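Visitor: Sequence first, predicted coordinates after that:
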Amino acid sequence: MAVIVKYVVERNGEEKMTFTSKSEADAYDKMLDMADELFVLLEDSDLIEDEAKREELSMFLAQNREEVLVALGAKKAPKKKATKPTAVADDTDDADEEDEAA
């Protein structure tokens with residue numbers, strides 16, 4: 001018989017998500033905390049009347065925390081990795097054929 005350790009993130013008595021690692025569960029819990037705080041901020045703004053839309057937007061912003069911080073200027077955007085130049089086709093065979101034809 002196997003023993004499986006599960007970490008359950010629970011909010012207000014409702015099971016939100018189950019994880020196999022504590023760090024993943026903690027990260028998800030932290031993201032939910034951010035979403036809760038963003039929901040309150042959006043609620044105070046009166047810009048979005050629909051509660052479901054406020055909740056959806058707050059979850060989206062919390063899930064995309066890194067991009068939001070970059071957009072707000074609180075964090076620098078990660079540098080993109082330089083792409084390797086594509087190989088140039090070797091046309092030496094074509095040049096030899098042209099020389100022979102001439």
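Guide: Looks like it came in fine.

Visitor: Let me know the pLDDT of the closest residue to Ile48 other than its chain neighbours.
Guide: Excluding its sequence neighbours, the residue lying closest to Ile48 (CB to CB, 6 or more residues apart in numbering) is Arg54, at 4.8 Å. Every residue, glycine included, has its C-beta placed from N, CA and C. Looking at Arg54, its pLDDT is 95.

Visitor: got the buried residues for stretch 12-32?
Guide: 19, 25, 28-29, 32 (16 or more other CB atoms under 10 Å).

Visitor: Any idea how far apart the tips of that stretch sit?
Guide: 12 Å (CA to CA, to the nearest Å).

Visitor: Check stretch 13-23 too.
Guide: 21 Å.

Visitor: just how off-centre is that stretch within its chain?
Guide: A distance of 19 Å separates the centroid of the chain from that of stretch 13-23, by CA atoms, centre = their mean, to the nearest Å.

Visitor: for the record, mean pLDDT for it?
Guide: Average pLDDT, stretch 13-23: 92.

Visitor: Now tell me what touches it from outside.
Guide: Taking contacts as CB atoms under 8 Å, 6 or more residues apart in numbering, the residues outside stretch 13-23 that touch it are 4-10, 25, 28, 32.

Visitor: Among those residues, name the buried ones.
Guide: Among the contacts of stretch 13-23, the ones that count as buried (16+ other CB under 10 Å) are 7, 9, 25, 28, 32.

Visitor: Name the nearest of these relative to Lys80.
Guide: Tyr28 (27.7 Å; CB to CB).

Visitor: What separation is there between the closest one and Thr18?
Guide: 10 Å (CB to CB, to the nearest Å).

Visitor: Overlap in contacts, the two.
Guide: Val9.

Visitor: just to revisit the earlier point, now go through the buried ones among the contacts of stretch 13-23 and say which are in strands.
Guide: Of these, the ones assigned to strands by DSSP state E are 7, 9.

Visitor: Mind putting the buried ones among the contacts of stretch 13-23 into TSV with distance to Glu67?
Guide: Below are the buried ones among the contacts of stretch 13-23 laid out as TSV (distance: CB to CB, whole Å):
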residue	distance to Glu67
Tyr7	26
Val9	23
Ala25	23
Tyr28	18
Leu32	18
